[in-house]
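In: this is a predicted model, with the sequence first.
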Amino acid sequence: MRGLLLAAAMLGTVSAAHAADMPDLPILRGSVSDGLSKSTHNWDGFYVGGHAGYTADATDFSQSVVGLTNYIFRDSVLQGPTSTWSLLNKTNTQSTHFGGFIGRNWQWYDAILSLEGTYSAFNNMTTSTSGSNSLVIVNPPGEVRAPGITNNYAVSLTGAATAQVKDMVTLRGRVGWDGGDFMPYAFMGAAVGRMDVSRTVTSVVALRTDTTTTDIFGNTTTTLGTWGAVPAQSGTQGQHRTNTYAVGWTAGLGLEYCIWSGLFARIEYEYVRFSPVMNTQVTLNNARLGLGYKF
């Protein structure tokens, strides 16, 4: 019995000495070292910040004055032919903008979902264009004429339009990924812009009636008439809206970087397309930098 106790004591001494010689690995203490794990950042919570950037504005005026010409030529055989005329062109401009954002992040493991509202004010972002078109319309469809009568309408249209985007708000949903101190994200949502839009068109219409007759020998003779003004289809129409609202949609990509604790910076690209206002459609491409704080 005394021999067994002595042997057990010697075995315990040897085992303790062997364990003391083994390397001190954290996993042997029931934990994993930070060097062997992924570095994460807590993006969950409310956040607020400000941004500034650059905007490229593309405004399509090609259909801007169609509503005005349709009104001038209402109940007239000239309405159909002139409705297809495109007096004005697409116009581009650039400007700067500034604003702010507020939102809430919800984080599940590496996935981050957000709901965010933004406001942007634009620095004198105005586009304008003008143009004209003239054409002689002969015997327009739908016109009732006596035999041998040819009606020639000389129609001249001159138009101009202007659009200024003042500011906008957006409500966006974001989907991001926790990359440690970095969070790339994509977003999509609704936008509402406030803008001033004006348009004007002037029409000048003259009519010449030619008469063609045939004698008893089959010879035809055409007598040209003289040009005369058509006051009913000649005149100027204009329309102006101030602080009108246009709804639209927005989408884009961004990247946030945690600078220190809750302080973060972001870089972002945003595309915005508004619904037409008085047949004038505005599209924006925004590039911006931002600084925010997550609580």
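Out: Here it is on my side, so go on.

In: direction included, what does the helix or strand containing Thr150 pair against?
Out: For Thr150, the host element (DSSP states H and E) is strand 149-177. Looking at strand 149-177 with DSSP bridges, its partner strands are strand 111-138 (antiparallel), strand 182-214 (antiparallel).

In: just so I know, which of those lies nearest His97?
Out: Taking C-beta to C-beta, strand 111-138 is the member of the strands paired with strand 149-177 nearest to His97, at 4.8 Å. Every C-beta, even on glycine, is put in place using the N, C-alpha and C of the backbone.

In: buried residues in the strand holding Thr150?
Out: Of the residues in strand 149-177, 151-155, 157-165, 168, 170, 172, 174, 176 count as buried by neighbour count, 16 or more other C-beta atoms under 10 Å.

In: what's Tyr119 in contact with, if anything?
Out: For Tyr119, the contacting residues are 99-101, 167-169, by C-beta atoms under 8 Å, 6 or more residues apart in numbering.

In: please report how far it lies from Phe274.
Out: Using C-beta to C-beta, to the nearest Å, we find Tyr119 at a distance of 16 Å from Phe274.

In: pLDDT of stretch 182-196, averaged?
Out: For stretch 182-196, mean pLDDT rounds to 97.

In: oh sorry, the question was meant for stretch 78-97
Out: Average pLDDT, stretch 78-97: 92.

In: quick one, strands of the stretch 1-150 of the chain?
Out: Applying DSSP state E, counting those that start in this stretch to the stretch 1-150 of the chain gives strands spanning 45-60, 90-108, 111-138, 149-177.

In: need those strands in JSON lines (columns: distance to Thr242).
Out: Output for the strands of the stretch 1-150 of the chain, formatted as JSON lines (distance: least, C-beta to C-beta, whole Å):
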{"stretch": "strand 45-60", "distance to Thr242": "17"}
{"stretch": "strand 90-108", "distance to Thr242": "19"}
{"stretch": "strand 111-138", "distance to Thr242": "13"}
{"stretch": "strand 149-177", "distance to Thr242": "10"}
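
In: nearest to Phe73 among these would be which one?
Out: Comparison of those against Phe73 by C-beta to C-beta identifies strand 149-177 as nearest, at 8.7 Å.

In: gap between that closest one and the chain center?
Out: Mean-position distance between strand 149-177 and its chain equals 13 Å (C-alpha atoms, centre = their mean, to the nearest Å).

In: low-confidence stretches in the stretch 151-295 of the chain?
Out: For the stretch 151-295 of the chain, no stretch has pLDDT under 70.

In: now do the phi/psi pair for the closest residue to Gln107 other than its chain neighbours.
Out: Distance criterion C-beta to C-beta, 6 or more residues apart in numbering; nearest residue to Gln107, sequence neighbours excluded, is Asp44 at 4.0 Å. Reported as degrees, to the nearest 10, the phi and psi values for Asp44 are phi -70, psi 140.

In: so what's the residue count around Leu115?
Out: Leu115 is flanked by 14 other residues according to other C-beta atoms under 10 Å.

In: before we move on, what about His240?
Out: Using other C-beta under 10 Å, His240 has 12 neighbouring residues.

In: again, but for Leu263
Out: Neighbours around Leu263, by other C-beta under 10 Å: 13.

In: could you list everything it pairs with in the sheet?
Out: In this entry, Leu263 is beta-bridged to Trp260, Tyr293, by DSSP bridges.

In: so it sits against Phe295, correct?
Out: No - in this structure Leu263 lies outside contact range of Phe295 using C-beta atoms under 8 Å: 11.1 Å.

In: what about stretch 206-222, how long is it end to end?
Out: End-to-end distance for stretch 206-222: 19 Å, by C-alpha to C-alpha, to the nearest Å.

In: what are the buried residues along that stretch?
Out: 206-209.

In: what does stretch 126-134 give?
Out: 126-127, 129, 131.

In: average pLDDT for that stretch?
Out: Averaged across stretch 126-134, the pLDDT comes to 94.

In: with just CA atoms, put that stretch into CSV.
Out: Backbone C-alpha positions of stretch 126-134 (Å, rounded to 0.1, in the frame of the first residue of the first chain) are rendered in CSV as follows:
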residue,chain,number,x,y,z
THR,A,126,-30.6,76.0,-62.9
THR,A,127,-31.0,74.7,-66.4
SER,A,128,-32.6,76.5,-69.4
THR,A,129,-33.0,76.1,-73.1
SER,A,130,-34.8,77.6,-76.1
GLY,A,131,-35.5,76.6,-79.7
SER,A,132,-37.8,77.1,-82.7
ASN,A,133,-39.2,75.2,-85.6
SER,A,134,-41.1,76.2,-88.8
